[in-house]
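K.L.:
here is a sequence with its predicted model. Questions after.
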Amino acid sequence: MTLYSYIERKEDLLALMADEIAAEAHVDEPLPDDWREALLLLARRERDLVRRHPWRVDLISQRVPVGPNGLRHVEQKPAAIDRLAASGVAVGRLTAWRILAAFNDYMTGFVIREAQERGAPREEGISEAERAALAEPYIRELVAGGEFPRLGPMIEEGVQGADDNFERGLGWVLDGIEAHLRGGPEGRS
């Protein structure tokens, strides 16, 4: 209760906590000159942050206000996108915003799913890994019925080599952005 004599609301405390750890994702040294390498570095830092602080996933869904450390980290993403000019691609503000949104959408979705799969506790007190273990027999029974010919083998055999999904997915997102931007004037909108 003493804490609330300094901070009025729980939401304010959560915002301060989120901003404090956001500093861990900020890259203090100059970003790489290559736009892709710069975005990859920022993505890896963000992912590592959520791995160290899985409770951050809950704050993502609560849309906790961004503080100065969070803004410093986010500012680095458009700075990385600015490096596209060095590769001969001029990017306007709207396109930069769209690139930033696509990049962030991938990152947010991936880190939330990964945190759930790693067993981050949910509000109900059961982890995603525990929930999955409880659901597995039911899912296997459904798959055994043959109604899911594509999903069935994936579930039965398990997905091997999925540890590289983060890097692979980021590569696909960045490849798509680059291909779109190099596609001509209509591709730059």
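P.N.:
Great, that's in hand.

K.L.:
element containing the residue nearest to the spatial centre of the chain?
P.N.:
In the chain, the centroid-proximal residue (Cα atoms, centre = their mean) is Met107; its distance is 2.0 Å. Secondary structure from DSSP states H and E places Met107 in helix 93-117.

K.L.:
list the contacts for Arg83?
P.N.:
Applying Cβ atoms under 8 Å, 6 or more residues apart in numbering to Arg83 gives the contacts Leu31, Asp33, Asp34, Trp35, Ala38. (Glycine included, C-beta is placed from N, CA and C.)

K.L.:
so which of the residues you listed comes closest to Phe166?
P.N.:
Nearest to Phe166, judged by Cβ to Cβ, of the contacts of Arg83 is Ala38 at 16.8 Å.

K.L.:
just to revisit the earlier point, list the contacts for the residue nearest to the centre of the chain?
P.N.:
Counting by Cβ under 8 Å, 6+ apart, the residues that Met107 touches are Ala43, Glu46, Arg47.

K.L.:
now this protein, which segments are flagged as low pLDDT?
P.N.:
1-5, 120-129, 158-163, 184-189 (pLDDT under 70).

K.L.:
try it again with 90
P.N.:
For the chain, the stretches flagged by pLDDT under 90 are 1-19, 54-68, 70, 84-93, 112-166, 182-189.

K.L.:
returning to what we had before: how far away is the residue nearest to the centre of the chain from Pro149?
P.N.:
Distance, Met107 to Pro149, by Cβ to Cβ, to the nearest Å: 32 Å.

K.L.:
the nearest residue to Arg182 once chain neighbours are set aside: which element?
P.N.:
In space, Arg182 comes closest to Val89 once its chain neighbours are excluded; the distance is 6.7 Å by Cβ to Cβ, 6 or more residues apart in numbering. Using DSSP H and E, Val89 is not contained in any helix or strand.
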